[in-house]
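Novice: My questions are about this predicted structure, shown below with the sequence.
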Amino acid sequence: MTTSSDAKIRERVQQIETLPAIPAVFLPLLKLLSNSAEEVKVDEVVRLVSYDNTIAGHCLRLAGSPLFGLAQAPKSIKGAVITLGLRRVETILLTCCLGQAFPATKWVLDPAVFWRHSLGCAMVCRKFSEKLAAADSERAYMAGLLHDIGFMVNCLAFSKEFSKAMASAGQEGIPLGEAEQSTMGFTHCETGRALAEKWRLADDIIEVITHHHAVEQSQKAQPLVALVHLSDLLCRMRGLGYGYYERHKVDLIADPAWAILLKEHRELEGVDLVRFSFELDEAVEEIEALVATVFGSAPARA
Amino acid sequence: MTIVPQPAVPASSKAAEVIDPVYRQIRDLVYKTSGIYKAEEKLYLLADGCGRRMKQLAARTPREYWDRLNAAPFRDAELRELLNEITIGETCLFRSQAQLDALRKVILPEIVVGKTKQITKRLRIWSAGCSTGEEPYTLAINMLEESERLLKGWTVEILATDLNDRSIETAKAGVYGDYALRNTSELYRRKYFSTVDEKKLEVRPEVKKLITFSRLNLQDDSKMLFMKGMDLIFCCNVLIYFDAVSKSKVVSHFFSNLNFGGHFFLGTSESLMKLNAEFHLIHFPGTIAYWKPSLSSGKL
């Protein structure tokens, strides 16, 4: 891409008037997500949930559903949080608070599909980084969760063009980013970056959002960007994609991101990638269940 | 107070049932020795298989069975019995839709483009260890489905081999019951099968015509050397019974037997592990395969 066209796109993206303000719960939530499950305090979570009536209502309703088989539905938010468990509450918080910034009526992409991929990628990032001694697995989880946030911007600000890109990706079986580039002239990476900068997210997260499809272009946090790139690919190949069949094959070990990650983490050499892929199928079941509890039913796999 | 993450799978799911941790040890042993991996949600299948063996051996607990499984000199024989148990019932037509999708949606278009300059358009597929024929017939039906589209004007040859003469005879007959046909759609049943009786269907001659069945021992080096020019090799749940040295030798043969750019598929939960450094591990949606890089680039 030339510098002039790059500047043009930047200008167009920066001019998005509809770019929403950062939801109040979002930053405290990211802080919560950056802790391991053992470090999270229940009162902190209850405080976040109580902050917003919609979120609190959603948690109480879900905790009282037959899925959890309680004789008596929990009456307090604390009871609901304990019934649901940390991961479900985090998912509800995240989907609700971003759902407020990006109203459901504007979504071109099925939100359940979007969250299944994002949560899947987050979980794969965490599992992947757990295999690498020096990697921060909770940071990786958060990076995976937010890497495709640009799709939400595209739903909101470029809904017509983005719809076309999605239709073309589905018809041709090509990656959604490629379809965006040929239909819109830019991708979710640029729009995601604009949002992340506006919301003043951390530099390494902005790097991931901007460069997860072009790892070599990343200047800072390259190993984290590489980890998210590989996890994203793996998700799309193991049933956590964007709801259509991507007609391509992936050689993860020959991918430049693999070499970048290997330079930083020599343990990568010892990772049994086939077994890891099989193990991810277990994570797929878990993600499906998580998305189903939040959205009612799991979307079709791809 | 900290929050304990809850299992995300609803309590009714099979995966949520409490599994004796010994089965995870058995799963790891099976993976290490055979390359077959039973994911957490399929662990109950492994437990069922172990249960049947435990009954045979009068072992009372999974721990007792684990000890039997590790006791020399029975270890290899018992592991074989267990592998039989856990792969039983996997034989049916259209066993892995993800492999067939990869074949038709990704690999065939790639082969067609790759061979555009060749005068003779020929596709060679080998079903190595074809057992009673379900796999080669599935491949043949899929190739026939493409014969008016991607493969118009192409010659398709499917070679199906097995060590067992009786299996080969059954395969040649091509007669299957409901269990083997459980994944076969009504449309394909009508299109590619004729009725034998109310319980059995027979593969039609136009499907059989694409396949050459023969007996072959994969460990027969001299014969393996002749199996050249393959575009695709399928070898599902066969290598799991081989020891590491034999497995490595057979896999090296497969690598030589493939054309550059050719693909090698194992069973859906089977891994080559690190037996061959020349093959590239490739992910397709929902499945994996091994790829012999093209001569030119070694890249996708």
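Specialist: All right, it came through fine.
Novice: can we go C-alpha only for contacts and neighbour counts from here?
Specialist: Fine.
Novice: Can you give me the pLDDT of the residue of chain A positioned farthest from its centre?
Specialist: Centroid-distance maximum for chain A: residue A:71 at 34.6 Å, with C-alpha atoms, centre = their mean. Residue A:71 carries a pLDDT value of 80.
Novice: give the contact list for it.
Specialist: Counting by C-alpha atoms under 8 Å, 6 or more residues apart in numbering or on different chains, residue A:71 makes contact with nothing.
Novice: give the contact list for the residue in the stretch 101-250 of chain B that chain A sits nearest to.
Specialist: Nearest residue of the stretch 101-250 of chain B to chain A, counting by C-alpha to the nearest C-alpha: residue B:106, 5.4 Å away. For residue B:106, the contact set (C-alpha under 8 Å, 6+ apart) comprises A:247, A:248, A:249.
Novice: how about these in TSV, adding secondary structure, neighbour count and distance to chain B?
Specialist: Below are the contacts of residue B:106 laid out as TSV (DSSP: H, G, I helix; E, B strand; the rest coil; neighbours: other C-alpha atoms under 10 Å in any protein chain shown; distance: C-alpha to the nearest C-alpha, whole Å):
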residue	secondary structure	neighbour count	distance to chain B
A:247	coil	19	5
A:248	coil	18	6
A:249	coil	19	5
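Novice: Pick out the lowest-pLDDT one from those.
Specialist: In terms of pLDDT, residue A:248 ranks lowest among these, with 91.
Novice: show me where pLDDT drops low in the chain?
Specialist: Because you didn't say which chain, this covers chain A. A:1-15, A:17-18, A:296-302 (pLDDT under 70).
Novice: To clarify, I was referring to chain B.
Specialist: For chain B, the ranges with pLDDT under 70 are B:1-17, B:88-90, B:296-300.
Novice: For it, just list every one of the helices.
Specialist: B:22-34, B:43-57, B:62-70, B:75-87, B:97-101, B:108-114, B:134-145, B:165-173, B:186-192, B:205-208, B:221-224, B:244-257 (DSSP state H).
Novice: buried ones in the fifth one?
Specialist: It refers to helix B:97-101. B:98, B:99, B:100, B:101 (16 or more other C-alpha atoms under 10 Å in any protein chain shown).
Novice: again with stretch B:202-220
Specialist: Of all the residues in stretch B:202-220, those buried under the rule 16+ other C-alpha under 10 Å are B:202, B:203, B:204, B:207, B:208, B:210, B:211, B:213, B:214, B:215, B:216, B:218.
Novice: Of these, which belong to strands?
Specialist: Of these, the ones assigned to strands by DSSP state E are B:202, B:203, B:211, B:213, B:214, B:215.
Novice: Output the residues you listed as a markdown table; include the columns distance to residue A:118.
Specialist: Below are those laid out as a markdown table (distance: C-alpha to C-alpha, whole Å):
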| residue | distance to residue A:118 |
| --- | --- |
| B:202 | 47 |
| B:203 | 45 |
| B:211 | 45 |
| B:213 | 47 |
| B:214 | 49 |
| B:215 | 49 |
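Novice: now what about stretch B:215-235, what contacts it?
Specialist: Contact with stretch B:215-235 is made by B:123-130, B:161-165, B:168, B:246, B:249-250, B:253-254, B:256-259, B:261-267, as judged by C-alpha under 8 Å, 6+ apart.
Novice: Might you calculate how far it sits from the centre of the chain?
Specialist: Stretch B:215-235 has its C-alpha centroid displaced from the chain centroid by 16 Å (C-alpha atoms, centre = their mean, to the nearest Å).
Novice: got it, and stretch A:88-99?
Specialist: 12 Å.
Novice: So what's the residue count around residue 112?
Specialist: With no chain named, the answer covers chain A. Residue A:112 is flanked by 21 other residues according to other C-alpha atoms under 10 Å in any protein chain shown.
Novice: hmm, I had chain B in mind actually
Specialist: By other C-alpha under 10 Å, 17 other residues sit near residue B:112.
Novice: just the one 5 residues further on next, same as before
Specialist: Counted with other C-alpha under 10 Å, the neighbours of residue B:117 add up to 9.
Novice: ditto for residue A:214
Specialist: Counted by other C-alpha under 10 Å, the residues lying close to residue A:214 total 15.
Novice: got it, and residue A:134?
Specialist: Neighbourhood size, residue A:134 [other C-alpha under 10 Å]: 11.
Novice: ok so, going back, could I get the buried residues of stretch B:202-220 as JSON lines with distance to residue B:186?
Specialist: Shown next, in JSON lines, are the buried residues of stretch B:202-220 (distance: C-alpha to C-alpha, whole Å):
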{"residue": "B:202", "distance to residue B:186": "14"}
{"residue": "B:203", "distance to residue B:186": "14"}
{"residue": "B:204", "distance to residue B:186": "15"}
{"residue": "B:207", "distance to residue B:186": "17"}
{"residue": "B:208", "distance to residue B:186": "19"}
{"residue": "B:210", "distance to residue B:186": "22"}
{"residue": "B:211", "distance to residue B:186": "23"}
{"residue": "B:213", "distance to residue B:186": "26"}
{"residue": "B:214", "distance to residue B:186": "30"}
{"residue": "B:215", "distance to residue B:186": "32"}
{"residue": "B:216", "distance to residue B:186": "33"}
{"residue": "B:218", "distance to residue B:186": "35"}
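Novice: Outline the domain layout of chain B.
Specialist: Chain B breaks down by automatic domain parsing into domains covering B:14-87, B:97-175+B:203-291.
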